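*Asks:* sequence unknown, structure follows:
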């Protein structure tokens with residue numbers, strides 16, 4: 001993983017939340033929130049909360065007595081999330097998922113929305129989730145399937161390879177879509193001490209008002225932007241427009257609709 005793969009700063013959080021969240025994250029946030037609600041936890045820890053799409057989905061469920069601690073490694077992402085959601089049930093805290101600042105057995109559930117692929121040490125991240133869970137607690141998270149099963153990301157990645165043929169930006173294939181080996185994930189959860197692991201493939205539709213919106217989401221609302229600018233910062237707009245044209249060629253020039261596919265994983269302590 002490149003160092004810039006984890007850098008969500010500058011204008012990325014705002015563009016991420018405006019374009020990428022509704023494009024691909026909201027359907028899976030609702031999925032995780034519904035699964036979590038079935039367990040009726042009192043204390044929930046969210047890691048890699050980003051701009052808070054899953055936090056908002058959890059908070060939209062009936063209030064009950066749930067308490068949510070939402071964490072992320074990137075303070076700019078948390079700042080954006082906090083600006084969107086004020087709720088007495090939610091505490092926001094900058095934290096590294098591989099070294100959680102919480103005592104053992106503090107939570108009934110740990111949830112992570114598309115964050116595990118960013119963990120430099122997956123087993124350590126899973127060990128930390130298990131450490132802070134109470135006996136019988138659940139760890140719920142999701143990861144993207146391979147990039148070929150996620151049509152907009154695949155199209156944008158191919159388009160950028162045409163803009164930078166000698167050094168294609170590969171962030172999407174390398175990191176968000178680079179951790180999809182279900183057998184490996186099971187092995188790593190087992191190594192972290194989890195039992196009773198279940199994995200479900202969940203396919204949804206990704207929709208945007210225009211090809212330009214989809215291209216903006218990926219090219220300027222993710223660390224893919226860092227890769228583009230590292231090659232030639234003056235070509236960011238050109239790269240975004242080329243990606244938009246590729247999306248339009250494949251999906252049409254109006255509102256666009258593509259397949260997205262992920263795995264939802266549940267493990268018990």
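*Replies:* Happy to help now that I have it. Note that the structure is a prediction, hence the values are computed from the model and not measured.
*Asks:* you'd agree residue 259 is up against residue 151?
*Replies:* Yes. The pair residue 259 / residue 151 is scored as a contact, 5.0 Å apart, by CB atoms under 8 Å. All C-beta spots, glycine's among them, are computed from the backbone N, C-alpha and C.
*Asks:* so which of these two has more stuff around it?
*Replies:* Ranked by neighbour count (other CB atoms under 10 Å), residue 259 and residue 151 place residue 151 first, with 21 against 14.
*Asks:* quickly list what residue 195 is bridged to.
*Replies:* Taking DSSP bridges as the rule, residue 195 bridges to residue 268.
*Asks:* right, and it touches residue 139 too?
*Replies:* No. Applying CB under 8 Å as the test, residue 195 and residue 139 come out as separate, 10.9 Å apart.
*Asks:* shared neighbours, the two?
*Replies:* Applying CB atoms under 8 Å, 6 or more residues apart in numbering, one finds that residue 195 and residue 139 are jointly contacted by 267-269.
*Asks:* for those residues, pick the one with the most neighbours.
*Replies:* residue 267 (26 neighbours).
*Asks:* how near is it to residue 127?
*Replies:* 12 Å (CB to CB, to the nearest Å).
*Asks:* give me the common contacts of the two.
*Replies:* Residues touching both residue 267 and residue 127 by CB under 8 Å, 6+ apart: none at all.
*Asks:* next, give phi and psi for the residue nearest the centre of the chain.
*Replies:* Taking CA atoms, centre = their mean, the centroid of the chain lies closest to residue 114, which sits 3.0 Å from it. Torsion angles at residue 114 (phi, psi; degrees, to the nearest 10) stand at phi 50, psi 50.
*Asks:* hmm, back to that, which residues do residue 259 and residue 151 both contact?
*Replies:* Here residue 259 and residue 151 have residue 206 as joint contacts, going by CB under 8 Å, 6+ apart.
*Asks:* which residues of the chain fall in helices?
*Replies:* Along the chain, counting by DSSP state H, helices occupy 12-15, 26-39, 53-59, 75-84, 122-132, 151-163, 171-174, 182-191, 211-220, 224-232, 236-251.
*Asks:* how about low-confidence regions in this structure?
*Replies:* Residue ranges of the chain with pLDDT under 70: 1-11, 62-64.
*Asks:* contact partners for the nearest residue in space to the residue nearest to the centre of the chain that is not next to it in sequence?
*Replies:* Distances taken as CB to CB, 6 or more residues apart in numbering place residue 142 nearest to residue 114, at 5.9 Å, with adjacent residues excluded. When contacts are counted by CB under 8 Å, 6+ apart, residue 142 is found next to 28, 31-32, 112-114, 202, 262-265.
*Asks:* ok, the residue nearest to residue 37 when sequence neighbours are not counted - how many residues close by?
*Replies:* Nearest residue to residue 37 in three dimensions, chain neighbours excluded: residue 61, at 5.1 Å (CB to CB, 6+ apart). Burial of residue 61 is recorded as 13 neighbouring residues (other CB under 10 Å).
*Asks:* that's all I had, so thanks and see you.
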